[in-house]
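S.K.: 3D model of this:
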Amino acid sequence: MLSPLIEALERIRYWLEQNLPESAAALEPGLSISEIEALLSAFPFQLPAEIYTLYQWRNGSSSQDYNFFPFHWFLPLDVALSFIEEEKQIQAQLTNHSEASWNDCWFPFSRFQGDYYIIKGSENCQAFSPVYLVFQEDREVDDPWMVYSSLTTMMLSLAEGYETGAYYLDENKIINTDESAIDKIERKYNPEIDNYLDDD
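M.R.: Below you'll find the predicted structure:
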């Protein structure tokens with residue numbers, strides 16, 4: 001029996017196959033547990049089990065030109081780690097520590113320009129972790145914006161958004177959004193998060 005996370009990922013992949021087949025084809029084969037552990041060996045925190053499930057399923061997308069998540073590149077694991085190093089190098093150049101822009105426990109799995117979806121690593125491996133959105137500007141390194149209660153609820157939200165037309169394609173095959181519909185879906189799967197649009 002598939003986990004809810006894998007079921008949601010497969011629903012997204014199926015929608016892409018039917019509507020944006022080049023994006024579905026850009027998904028890279030999944031990694032083994034040993035491959036994931038080897039790549040993460042230098043990461044100083046434990047990542048939740050959901051991240052291992054995600055990268056066993058697929059190792060990101062081969063190009064940022066083909067989005068699995070709306071508008072965001074699903075980062076291959078080695079690319080995610082390279083962005084961490086890039087962000088740390090930027091931070092090392094800062095002379096004012098109050099301008100810190102990256103927290104060592106952050107792990108980015110999706111990127112749009114300088115914005116990231118991240119989860120937080122911890123001292124012990126957890127089953128789940130909230131998903132946070134970190135912007136290129138005005139980063140709150142101690143209190144990033146929580147947008148989903150877990151990776152599973154994120155994928156369930158995205159799958160339903162694709163399937164119901166909350167995310168839809170225009171005549172140029174560009175993804176557009178029905179913000180009100182997305183808001184309702186995200187509230188449904190993440191009722192404890194109060195970051196969504198105010199009710200009319």
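S.K.: drop to CA atoms for contacts and neighbour counts, all remaining ones
M.R.: OK.
S.K.: which of the residues in the lowest-mean-pLDDT helix or strand in the chain are buried?
M.R.: Ranked by mean pLDDT, DSSP states H and E, the helix or strand of the chain with the weakest confidence is helix 77-92, at a mean of 90. Using 16 or more other Cα atoms under 10 Å as the test for burial, helix 77-92 gives 77, 79-81, 83-84, 87-88, 91.
S.K.: With distance to residue 44 as added columns, please give these in JSON lines.
M.R.: As requested, those are exported to JSON lines (distance: Cα to Cα, whole Å):
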{"residue": "77", "distance to residue 44": "15"}
{"residue": "79", "distance to residue 44": "17"}
{"residue": "80", "distance to residue 44": "14"}
{"residue": "81", "distance to residue 44": "12"}
{"residue": "83", "distance to residue 44": "15"}
{"residue": "84", "distance to residue 44": "12"}
{"residue": "87", "distance to residue 44": "15"}
{"residue": "88", "distance to residue 44": "13"}
{"residue": "91", "distance to residue 44": "17"}
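S.K.: can you name the two of these that are farthest apart?
M.R.: Taking Cα to Cα, the two most distant members of those are 77 and 91; they sit 21.3 Å apart.
S.K.: okay, how far is it across stretch 129-136, tip to tip?
M.R.: End-to-end distance for stretch 129-136, by Cα to Cα, to the nearest Å: 22 Å.
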